[in-house]
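Visitor: Provided below for reference: sequence and predicted model.
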Amino acid sequence: MELQAVLMAAGGGSRMMDLTYNTPKPLLPVGNKPLIWYPLNLLERVGFEEVIVITTKEVQKALSTDQRMKTDVKMRLDVVCIQEDADMGTADALRHIQQKIKTDILVVSCDLITDVALHEVVDLFRAHNATLSMLMSKVHEFTETVPGQKGKKKAGEQRDFVGVDVTGKRLLFMANEADLDEGLVLRKSIMRKHPRMLIKTGLLDAHLYCLKRSVVDFLVHNKSVTSIRGELVPYLVRKQFSKSLNSKTATEDTERNQKQQDADHNLELLSTSKDEALVQLARERSCWNDHRGDMSEAYHGGKLRCYVHIMEEGMCYRVNTLAAYIEANRVVPKLFEEPPIHPTAAVSERSLVGSDSIIGPFCQISDKTSIKRSNVGTSSIIKEKVKITNSIIMNGVTIEEGCNIQGSVICNNAVIGRGADMKYCLVGSGQRIEPETERTNEVIVGSDQLMEI
Amino acid sequence: MSMLVTEEDEKKQEIIRAKGEGKELTKEEKQRLRKEKKQHKKNKKDDRGPPEKEKEKASVPAPSKPATQSPAHKAAPVPVNASASESPVAAEKPAKSKAELRADRRARQDSERASKPGKKEVGQQSTSSKPKATPSELQPVVKRLPEHVQVDDPAALKKLAKKLERQQVPLRSDYGYKVSLFSHLHQYSRKNPPTQQISIPVTAIHPSIVRLGLQYSQGIIAGSNARSVALLHAFKQVIQDYSTPPNEELSRDLVNKLSPYISFLSQCRPLSASMGNAIKYIKKEISNIPNQCKEEEAKRRLQECIDSYINEKIILASQAISKYAIEKISDGDVILVYGCSSLVNHILCEAFEKQRKFRVIVVDSRPRLEGREALRRLVKKGIRCTYVLISALSYILPEVSKVFLGAHALLANGYVMSRVGTSQIALVAKAYNVPVLVCCETYKFCERVQTDSFVSNELDDPDDLIVTRNGKTHLENWQTVKSLGLLNLVYDVTPPDFVDLVITDLGMIPCTSVPVVLRVKNVDQ
């Protein structure tokens, strides 16, 4: 077997607590499908037959009971539960399932919605025998107004600095603004080997990684690494140019921590195969080099290589903030071939449902209702004379007569009283809005959730 | 003979075919012609048949053979030419008397053949029993064309598509407009990798073969020796991971398992002659595994075979060739090399280590610009080098004392198949009376015969020819201009008149001795 897929679905959605305090992030409806359906669909489309899903008990229960998931997803899901409060990072999770991992792995995050041609990422991994291959995309500006946003969007979102070589494929440098104290520090060894480096900041990390099996074994030996994106990836990128990867010299170095040495050793030794001599011979005889201008052989003789595929066009969203959630809901219905109005929904004749809206199963849309550019979830009840524009209505919502809902997000099981006027609001799960209220640009959540930071 | 007439007809028809007429038409014509010919021959034979019949009935008691064996066996000894052609004709005739005739004739034939070496009969039987009745007397004269030179033939394409579908290998589509002279060859683009339609993770093809295919198509492994070594390495991994299914023999099943892999690799990049020979060797070794051999033992044996093949044919061969070649390098020499041949680089590095004083001129050509890599390796060793593009060849040649060329394959008629531009170098060197030495290992010797670079070649990605200078890419939209074609040839053939010496691991031989070496190799095997 070539690759095993691992889906990380245990994250809490810490950047959109308003949405996720009652619903776990993997089950948030996007385009009337649970968020976790999208990466699963991506994996199924490319040909995976089984996926290891790391998630919480709640999500596991929901997955096993949801009828639609069972019919839509034909792959075998091997669900591994971890405790919600265990505060496990993604790397910890990999360590947890180390026994199940027999080959190289493809790690996907549950909040990734993309239509990337996955073979582009995996081909880099295969062709160059890389240790890490990841996916990034150009960031799209979000155009929709986000409820509860006071003032302009802060540009202070921590930027990622990504350095690639001339071809745009080899990953040379990766750091987050938060980790840099005064400025960007580039090692001379990198500049000597790759004098032309492009540093990009407007990239979104899709959290899709192809990792060699030896990396998992390395994680087992190094329990200090908790997060793939935060720690492991920058470590691997740095280690490409580390001098210590010459195994002969490491033994003479007595000052360094023995454990650290072993860790580096492991990574290199584990990635060499049995027939290294033949691979070396083939590379020697081949007239190819990945860089020009210096006297070194291909890959500068390094054994560790990290590659990135940067998507120029196409869709790639990570639904980890409210703005991203809204944007994804807007864009995703265009992907589907299903009819926008689910056959089981009871849509009255005299209502007006725009062509860019989608209505979920078992909904009831009453007369004289107008729904434009909105998503209405499963089993929602919309009474007469309601106007819904640019909004996201989740599952089980009841909207009484005469409401006017614009640019808002109404979460599961909320009830909007008669005649309410909501503009750019976010109504949390299970909330009740009093009739005849007028709210603009507010986040309405339960009082018990207010302390959750 | 009329046999040759059909061949000429076929050739004419093939030329007409290039205009785009359906091949079915010409095939029917061919079949019709063949039938007519057979009828004609049969009539002649029938006249002779009955008078001999009486003689036969008395002498030979061999009636059991006739009806059971295929009608193909009735090749009459006297009109030998008509032998194969009669088989399909005979199949049309159900009359019993004819079967008796056949039996008599066969009996006579057998008795006559008892004196002759049995080989010829076997050859005839096997060739004449082929449904397509390739006209054969002693040896197949018309070989079936390989698929990769019949790309403009829809029937061949359909056959290929069916075969690939059966093997679960994705079909890679051609790209862009092909220059008409080369429309019978595949032209792939790097933008459509062969892995587009394969599932991730791959199930039908072993992962190391997929990796190898990607490395071929992207040019990461390029060069005849490198490709063969990488191929054998991948096969080692395939054999390592192989487990015999129940009720199957390893010797037969493993060969069948390798076929889809080879199809996939040839979709990524057409196989080289060295790879073809390596594959033949492996298949032979696998088939020769005795049935009683345990799986572990068989696998170990195969791994050893592969290792010894690489060791003998590539590593030791290059050492032997260096030894011979160094004799030819004297102090003060100016050696010209073209492109990046791993063998020539090895020779020059060895010569430099043996304290020969020489300098090297590296000639390079677009779009591959492989000479830069050769230049890097030689300069890293410490050899004094000059670098020119091939357009400056006639300017630099007066300084040159010898030309060393590498080869992709050596053909059976002495022609050298090598990177495009090699024949130009050989030609100009001949004009300046500079000796041209070709270095080639014997495992690259190939039984193909070619006198031009059109029939069998490789078309590389045409977009490689596009270059951006001063921010402008003029050929960016070359596909929109209907009358423009980009041609990126990879190989060309050099006639033996331009090559003075071929240095192989068997010694230094003239170009015309290649068929001898091939014959000796075949006898050995």
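Guide: Nice, thanks for sending it over. Residues are numbered from 1 along each chain as shown, chains lettered A, B, ... in the order given.
Visitor: would you map out the domains in chain B?
Guide: Domain assignment of chain B by the TED database yields the ranges B:163-174+B:200-315, B:330-524.
Visitor: let's have those domains in JSON lines, adding mean neighbour count.
Guide: For glycine as for every other residue, the C-beta is placed from the backbone atoms N, C-alpha and C. Converted to JSON lines, the domains of chain B look like this (neighbours: other CB atoms under 10 Å in any protein chain shown):
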{"stretch": "domain B:163-174+B:200-315", "mean neighbour count": "19"}
{"stretch": "domain B:330-524", "mean neighbour count": "18"}
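Visitor: would you pull up the residue in chain A closest to chain B?
Guide: Per CB to the nearest CB, residue A:47 is where chain A lies closest to chain B, at 2.4 Å.
Visitor: and that residue, how many neighbours does it have?
Guide: Applying the criterion other CB atoms under 10 Å in any protein chain shown, we find 16 residues in the vicinity of residue A:47.
Visitor: show me where pLDDT drops low in chain B?
Guide: By pLDDT under 70, the weakly predicted segments of chain B are B:1-27, B:45-96, B:115-143, B:525.
Visitor: in it, what residue lies closest to chain A?
Guide: Closest residue of chain B to chain A, CB to the nearest CB: residue B:199 (2.4 Å).
Visitor: assess the claim that that residue and residue A:46 are in contact.
Guide: Yes. Proximity of residue B:199 to residue A:46 meets the contact threshold set by CB atoms under 8 Å, at 6.3 Å.
Visitor: for residue A:378, see how far away the residue nearest to the spatial centre of chain B is.
Guide: Note on chain B: the residue nearest the mean C-alpha position is residue B:273, at 5.3 Å, using CA atoms, centre = their mean. With distances defined as CB to CB, to the nearest Å, the gap from residue B:273 to residue A:378 amounts to 63 Å.
Visitor: next one: residue B:355
Guide: Summarising the geometry, the distance separating residue B:355 from residue A:378, computed by CB to CB, is 84 Å.
Visitor: just the helices in the stretch 101-250 of chain A please.
Guide: With helices called from DSSP state H, counting those that start in this stretch, the stretch 101-250 of chain A shows them at A:118-127, A:188-193, A:213-221, A:233-239, A:247-250.
Visitor: just these: most buried one?
Guide: Mean neighbour counts were taken over the helices of the stretch 101-250 of chain A using mean count of other CB atoms under 10 Å in any protein chain shown, and the top value, a mean of 24, falls to helix A:118-127.
Visitor: packing partners of that helix?
Guide: Packed against helix A:118-127, as judged by 3 or more CB pairs under 8 Å, 6 or more residues apart in numbering or on different chains; DSSP states H and E, are the following elements: helix A:37-46, strand A:132-138, strand A:203-211, strand A:306-311, helix B:207-218.
Visitor: for those, which one sits closest to residue B:337?
Guide: helix B:207-218 (24.1 Å; CB to CB).
Visitor: does any part of the closest one sit near chain A?
Guide: Yes. Counting by CB under 8 Å from any CB of the partner chain, contacts between helix B:207-218 and chain A involve B:207, B:210-211, B:214-215, B:218.
Visitor: show me the contacts for the residue of chain B closest to chain A.
Guide: Residue B:199 is in contact with A:46-48, counting by CB atoms under 8 Å, 6 or more residues apart in numbering or on different chains.
Visitor: please convert these to TSV, extending it with pLDDT.
Guide: What follows is those, written out as TSV (pLDDT from 0 to 100):
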residue	pLDDT
A:46	91
A:47	90
A:48	91
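Visitor: which of those lies closest to residue B:193?
Guide: For these, the residue nearest residue B:193 by CB to CB is residue A:46; the value is 14.0 Å.
Visitor: quick check, that closest one in contact with residue A:121.
Guide: No. Distance between residue A:46 and residue A:121: 10.3 Å, which falls outside the contact criterion (CB under 8 Å).
Visitor: model confidence score at the residue lying closest to residue A:197 once chain neighbours are set aside, please.
Guide: Closest residue in space to residue A:197, ignoring its immediate chain neighbours: residue A:163 at 4.9 Å, by CB to CB, 6 or more residues apart in numbering or on different chains. Residue A:163 is assigned 94 on the pLDDT scale.
Visitor: could I have the CA atoms of stretch A:189-204 written out in PDB?
Guide: Only the C-alpha atoms of stretch A:189-204 are listed here, as PDB (Å, rounded to 0.1, in the frame of the first residue of the first chain):
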ATOM      1  CA  SER A 189      23.800  27.700   4.300                       C
ATOM      2  CA  ILE A 190      20.400  28.100   2.700                       C
ATOM      3  CA  MET A 191      21.400  31.200   0.800                       C
ATOM      4  CA  ARG A 192      24.500  29.500  -0.400                       C
ATOM      5  CA  LYS A 193      22.600  26.500  -1.800                       C
ATOM      6  CA  HIS A 194      19.700  28.400  -3.100                       C
ATOM      7  CA  PRO A 195      20.700  32.000  -3.900                       C
ATOM      8  CA  ARG A 196      17.300  32.800  -5.400                       C
ATOM      9  CA  MET A 197      14.500  32.400  -3.000                       C
ATOM     10  CA  LEU A 198      11.000  33.700  -3.300                       C
ATOM     11  CA  ILE A 199       9.300  34.600   0.000                       C
ATOM     12  CA  LYS A 200       5.600  34.700  -0.100                       C
ATOM     13  CA  THR A 201       3.200  35.900   2.600                       C
ATOM     14  CA  GLY A 202      -0.200  35.700   1.100                       C
ATOM     15  CA  LEU A 203      -0.500  32.000   1.300                       C
ATOM     16  CA  LEU A 204      -3.000  29.900   3.200                       C
END
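Visitor: ok, residues contacting it?
Guide: Residues from elsewhere that reach stretch A:189-204 (CB under 8 Å, 6+ apart): A:136-139, A:159-166, A:168, A:170, A:172-173, A:184, A:186, A:241, A:243, A:291, A:293-294, A:296, A:300, A:310, A:316, A:318.
Visitor: of those residues, buried ones?
Guide: Among the contacts of stretch A:189-204, those scoring as buried are A:136-137, A:159-165, A:170, A:172-173, A:241, A:291, A:296, A:300, A:310, A:316, A:318 (criterion: 16 or more other CB atoms under 10 Å in any protein chain shown).
Visitor: got the residues of chain A near chain B?
Guide: Taking CB under 8 Å from any CB as the criterion, the neighbours of chain B within chain A are A:1-4, A:46-48, A:103, A:106, A:117-119, A:122-123, A:126-129, A:275, A:278-279, A:281-289, A:292, A:295.
Visitor: is it true that the residue of chain A closest to chain B touches residue B:200?
Guide: Yes. At 5.6 Å, residue A:47 and residue B:200 qualify as touching, with contact defined as CB under 8 Å.
Visitor: do a quick rundown of the helices in the stretch 101-250 of chain B.
Guide: Per DSSP H, counting those that start in this stretch, the stretch 101-250 of chain B carries helices over the ranges B:118-128, B:154-167, B:207-218, B:224-241, B:250-268.
Visitor: any idea of the mean pLDDT in stretch A:171-179?
Guide: Averaging pLDDT along stretch A:171-179 gives 88.
Visitor: my read: residue B:268 touches residue B:194, true?
Guide: Yes. The pair residue B:268 and residue B:194 passes the contact test of CB under 8 Å, sitting 4.7 Å apart.
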